[in-house]
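In: fold the following.
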Amino acid sequence: MSFNKNWEFSELSKEAFNASRPFSFKDYPTAVFINTGDVLLGKFLHSTISCGKELPGQAKKALQKNDILLTEIRPANGRFAFVDFDVKNYVVSTKFMVIESRGRVLPRFLYHVLVNQISLNEFQRIAESRSGTFPQITFDSIAHFPVPVPPIAEQINLVHFFDAIQARLDLLKETNTTLEAIAQALFKSWFVDFDPVRAKQEGREPEGMDADTAALFPDSFEESEQGLIPKGWEVGCIGDFSCVKGGFAYKSIAFCDKGFPVVKIKNIVGDGTVDLLDTQFISDEMASKTTRFALKDADVVIAMTGATIGKTGIIVTKGDEIPYLNQRVAKFEPNIHGQDNGWLVFIAFQNSFISDQVVNNASGSAQPNISTTGIESVRLIIPKNHVLLDVFNETVTPLFQNWIANHKQSQTITEIRDTLLPRLISGQLRIPEAEALIEESTV
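Out: Alright, predicted model coming up:
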């Protein structure tokens with residue numbers, strides 16, 4: 001990394017240190033324990049209070065405001081955070097570096113220096129070059145990492161710029177959460193609580209729908225093996241309106257440094273998204289041999305084994321790339337009647353009573369796994385006439401079109417940020433130029 005010749009640059013160990021403050025369970029007998037899996041991409045994922053006596057042995061380190069948390073294990077996995085709130089009763093794992101600035105570099109500026117993608121990739125390279133069970137770094141192993149020391153005024157401006165980008169990304173994510181919640185509320189109303197049926201039974205017009213849609217709902221219930229269900233409906237299964245197709249068993253020899261990304265189990269994040277940044281690739285030749293496993297925007301995929309079994313995600317491609325589906329991951333396709341109910345399937349699997357069936361039906365002692373037919377057999381209550389399913393899918397499609405557009409914009413902003421950030425923190429690029437580049441790319 002080159003630097004502005006007018007800016008000083010230093011090394012990490014000269015500008016910060018790994019703080020090893022012991023946590024006092026005497027002062028705080030109950031505490032919030034943060035393990036390496038409890039932070040992700042700058043966010044703390046919980047604030048659950050636990051009894052100190054019940055916590056594992058690695059719960060030892062105390063925090064203070066303006067600390068930087070960076071995992072020692074697999075540093076490229078995004079397990080980092082900045083402490084910007086009161087954390088007196090927080091205790092963290094010894095598998096974290098707790099990095100404290102010595103003063104010349106603003107903590108928040110140092111945070112952005114350390115967690116940009118280029119820095120994390122370098123830390124991962126160092127981790128993988130060391131012997132051990134897991135790719136791991138220590139503070140000593142990155143002590144000589146270069147740290148720019150621009151004037152404080154420049155540091156403040158850069159922090160404001162980076163934080164503004166993050167706020168923009170957070171807003172896009174929050175908007176998508178809202179869009180998904182609207183679709184989820186509609187699914188629950190129609191297919192779980194049966195609100196339109198209850199309204200008609202009571203002589204009321206169902207809320208939030210036109211007369212044609214309301215006419216598709218019955219006005220009474222009948223007994224079934226699962227209790228009362230809308231009259232004319234049935235205890236059906238996912239396979240009644242969707243086919244599940246598994247991925248291809250690509251061998252390790254098929255993977256290369258660039259080409260077409262392959263979606264594996266690890267890429268099903270569990271929050272409805274699919275991570276296409278951390279992937280392996282196959283060549284043009286291999287892709288041409290396995291075209292039926294190609295994925296496109298809006299495809300819904302599901303994990304078939306491991307810790308994320310039953311979790312679904314939506315494919316959102318980057319540019320012209322075409323991802324391919326690996327074994328132990330499946331995608332949902334229209335059934336033999338040509339019905340495309342992908343959004344219905346995605347929303348259904350966000351409900352625990354659906355996804356839990358996958359977990360409960362899974363086999364295997366070492367790690368759970370389920371077949372495509374096992375996923376198709378997941379049960380839910382549906383109308384025998386599938387017209388209402390199509391209407392639901394059509395109703396929520398605009399929501400998910402916006403969801404995909406927002407996700408693509410987030411991808412673009414993230415990629416530009418990660419490209420420009422090293423040049424910004426080294427003084428090779430000025431903020432107005434970076435702002436112009438971002439606006440040009442997101443119009």
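
In: so where does Arg125 fall, helix or strand?
Out: helix 117-129 (DSSP states H and E).

In: which SSE is the nearest residue to Gln350 once chain neighbours are set aside in?
Out: Counting by C-beta to C-beta, 6 or more residues apart in numbering, Gln350 lies nearest to Gln184, which is 6.2 Å off, once chain neighbours are set aside. Bear in mind the C-beta positions are built from the backbone N, C-alpha and C, glycine included. According to DSSP H and E, Gln184 maps onto helix 152-191.

In: hmm, Cys243 is touching Ile375, no?
Out: No: at 10.0 Å, Cys243 does not count as touching Ile375 under the criterion of C-beta atoms under 8 Å.

In: can you pick out the residue with more neighbours from these two?
Out: Ile375 (27 against 16; other C-beta atoms under 10 Å).

In: do you know how far that one is from Ala303?
Out: Ile375 sits 10 Å away from Ala303, going by C-beta to C-beta, to the nearest Å.

In: ditto for Ala62
Out: Taken as C-beta to C-beta, the span from Ala62 to Ala303 is 37 Å.

In: then Gly427?
Out: 44 Å.

In: out of those two, which sits in the more crowded spot?
Out: The neighbour count for Gly427 versus Ala303, taken as other C-beta under 10 Å, is higher for Ala303 (25 against 18).

In: give me the nearest residue to that one, chain neighbours excluded.
Out: Per C-beta to C-beta, 6+ apart, closest to Ala303 is Ile268, 4.3 Å.

In: how near is that neighbour to Lys311?
Out: 5 Å.

In: got any residues that touch both of those two?
Out: Contact criterion C-beta atoms under 8 Å, 6 or more residues apart in numbering; residues shared by Ile268 and Lys311: 302-303.

In: these two: which is more packed in?
Out: When neighbours are counted by other C-beta under 10 Å, Ile268 and Lys311 differ, and Ile268 comes out ahead with 25 against 20.

In: identify the bridge partners of the more buried one.
Out: Beta-bridge partners for Ile268, by DSSP bridges, are Val274.

In: which residues does it contact?
Out: Applying C-beta under 8 Å, 6+ apart, the residues near Ile268 are 274, 301-303, 308, 311-313, 329.

In: repeat for Thr71
Out: 36, 39, 77, 79-80, 95-97.

In: pick out the most distant pair among those.
Out: Asn77 and Met97 (14.1 Å; C-beta to C-beta).

In: of these two, which one has the most company?
Out: Met97 (25 against 17).

In: wait, is the more buried one part of a strand?
Out: Yes: Met97 forms part of a strand when assessed by DSSP: H, G, I helix; E, B strand; the rest coil.

In: do I have it right that it meets Pro75?
Out: No: assessed by C-beta under 8 Å, Met97 is found out of contact with Pro75, at 9.2 Å.

In: what is the burial count for Leu171?
Out: Neighbour tally, Leu171, other C-beta under 10 Å: 12.

In: pull the contacting residues for it.
Out: Neighbours of Leu171 in contact, by C-beta under 8 Å, 6+ apart: none.

In: the one 3 residues further on now?
Out: Listed by C-beta under 8 Å, 6+ apart, the contact set of Glu174 is empty.

In: if we go to 10 Å?
Out: Residues near Glu174 by C-beta atoms under 10 Å, 6 or more residues apart in numbering: Asn406.

In: before we move on, what about Ala127?
Out: Here Ala127 is in contact with 71-76, 134-138, 141-142 (criterion: C-beta under 10 Å, 6+ apart).

In: filter those residues down to the buried ones.
Out: 71-76, 135-137, 142 (16 or more other C-beta atoms under 10 Å).

In: JSON lines please, covering those residues and showing pLDDT.
Out: Listed next are the buried ones among the contacts of Ala127 as JSON lines, based on pLDDT from 0 to 100:
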{"residue": "Thr71", "pLDDT": "96"}
{"residue": "Glu72", "pLDDT": "95"}
{"residue": "Ile73", "pLDDT": "92"}
{"residue": "Arg74", "pLDDT": "88"}
{"residue": "Pro75", "pLDDT": "92"}
{"residue": "Ala76", "pLDDT": "86"}
{"residue": "Pro135", "pLDDT": "86"}
{"residue": "Gln136", "pLDDT": "92"}
{"residue": "Ile137", "pLDDT": "95"}
{"residue": "Ile142", "pLDDT": "97"}
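
In: what touches both of Ile375 and Ala303?
Out: Counting by C-beta under 10 Å, 6+ apart, the residues touching both Ile375 and Ala303 are 309-310, 330, 358.

In: now, which of the residues you listed sits nearest Glu225?
Out: When these are compared against Glu225 (criterion: C-beta to C-beta), the nearest one is Val358, at 20.2 Å.

In: check for me that that closest one belongs to a strand.
Out: No: under three-state DSSP, Val358 falls outside any strand and is assigned helix.

In: count of neighbours near it?
Out: So Val358, with other C-beta under 10 Å, has 23 neighbours.

In: got a list of what it touches?
Out: The neighbourhood of Val358, defined by C-beta under 10 Å, 6+ apart, consists of 238, 302-304, 309-312, 349, 368, 370, 374-375, 377-378.

In: which ones among those map onto helices?
Out: Secondary structure assignment by DSSP state H places 349, 374-375 of these in helices.

In: next, format those residues as JSON lines and append pLDDT and distance to Lys264.
Out: Below are the ones in helices among the contacts of Val358 laid out as JSON lines (pLDDT from 0 to 100; distance: C-beta to C-beta, whole Å):
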{"residue": "Phe349", "pLDDT": "94", "distance to Lys264": "19"}
{"residue": "Gly374", "pLDDT": "94", "distance to Lys264": "20"}
{"residue": "Ile375", "pLDDT": "95", "distance to Lys264": "17"}
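
In: now do the helices in the stretch 251-400 of the chain.
Out: For the stretch 251-400 of the chain, helices defined by DSSP state H, counting those that start in this stretch occupy the ranges 284-289, 342-349, 352-361, 372-376, 387-425.

In: what's the most buried one of those helices?
Out: helix 342-349 (a mean of 24; mean count of other C-beta atoms under 10 Å).

In: picking that back up, mind checking pLDDT for the residue nearest to Gln350?
Out: Note for Gln184: predicted pLDDT of 96.

In: please apply the same query to Val83.
Out: According to the prediction, Val83 has pLDDT 97.

In: residue contacts, it?
Out: 44, 63-69, 90, 92, 98, 100, 107, 111.
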